[in-house]
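Engineer: This is the structure alone, sequence omitted:
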């Protein structure tokens, strides 16, 4: 079972977590990306997320299929928020379950990195000083940094 | 002449003032389409900073356009 969705409602992690795990799964792992109060030296007041839902869902399906193939994950649940979020709100939920912890950690890491790097989701930061900015758009040509490098199981 | 649906997001939505439009164009591929749109809207980001998708799949800028194609111009992403 794999599932991806985009929502403008608060992410309810405990309900999402209940969808993970089968009798064969010895590891359930959840990552929550949370709005923090600073970025690159600027004090962040709130965020606005925007997504191209049809393209994001199609690309997320590809990412999750890759993760199943690479890491043998049995279940994946990913949810991304859109709209206005405040400091402390959950922006993204990635939950996986599989037989053992190694594949769970590696698979979860792969999913969140690829989500950040590939999905058509944009973030406008509103700063305490009243200014705002689309993240990654002020320095020409820099898409989200690909952080996972050479992850292998 | 073909009609292409173009969807705009984030800073491109702000720069065009539109969520989407149906454009009648002679552009044969995405490079020509982008150049035509840049002439209309004076995008602040160069093509090299963007990606493009046709009918919900990311593709090369050389991708040929067909009548009725739906194009998304994708500025640098920042999900998560």
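Structural biologist: On my side now, so go ahead. Quick caveat, the model's predicted, so the values are computed rather than measured.

Engineer: can you give me the helices in chain A?
Structural biologist: Ranges of helices in chain A, per DSSP state H, are A:13-17, A:53-71, A:101-118.

Engineer: What pairs with the host helix or strand of residue B:71, parallel or antiparallel?
Structural biologist: According to DSSP states H and E, residue B:71 maps onto strand B:70-74. Sheet pairing here is set by DSSP bridges, and for strand B:70-74 it gives strand B:2-7 (parallel), strand B:51-54 (antiparallel).

Engineer: Residue A:93 and residue A:79 touch, don't they?
Structural biologist: Yes. Contact criterion C-beta atoms under 8 Å: residue A:93 and residue A:79 qualify, at 4.6 Å. Placement of C-beta: from N, CA and C, glycine included.

Engineer: what is in contact with the two at once?
Structural biologist: A:11, A:16 (C-beta atoms under 8 Å, 6 or more residues apart in numbering or on different chains).

Engineer: Dump the helices of chain A into a markdown table; add distance to chain B as well.
Structural biologist: Below are those laid out as a markdown table (distance: least, C-beta to the nearest C-beta, whole Å):
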| stretch | distance to chain B |
| --- | --- |
| helix A:13-17 | 15 |
| helix A:53-71 | 4 |
| helix A:101-118 | 4 |
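
Engineer: Please identify the deepest-packed of those helices.
Structural biologist: Ranked by mean neighbour count, the helices of chain A are led by helix A:101-118 with a mean of 21 (mean count of other C-beta atoms under 10 Å in any protein chain shown).

Engineer: list the helices and strands that helix packs on?
Structural biologist: Secondary-structure packing of helix A:101-118 (3 or more C-beta pairs under 8 Å, 6 or more residues apart in numbering or on different chains; DSSP states H and E): strand A:27-34, helix A:53-71, strand A:75-81, strand A:90-98.

Engineer: Dump those into a markdown table; add mean pLDDT and distance to residue A:4 as well.
Structural biologist: What follows is those, written out as a markdown table (pLDDT from 0 to 100; distance: least, C-beta to C-beta, whole Å):
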| stretch | mean pLDDT | distance to residue A:4 |
| --- | --- | --- |
| strand A:27-34 | 98 | 14 |
| helix A:53-71 | 97 | 4 |
| strand A:75-81 | 98 | 5 |
| strand A:90-98 | 98 | 10 |
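
Engineer: Nearest to residue B:37, out of the ones you listed?
Structural biologist: Across the helices and strands packed on helix A:101-118, residue B:37 has its closest neighbour in helix A:53-71 (17.9 Å, C-beta to C-beta).

Engineer: That closest one versus strand B:70-74: what angle between them?
Structural biologist: For helix A:53-71 against strand B:70-74, the angle by axes from the mean of the first three to the mean of the last three C-alpha atoms, to 10 degrees is 70 degrees.
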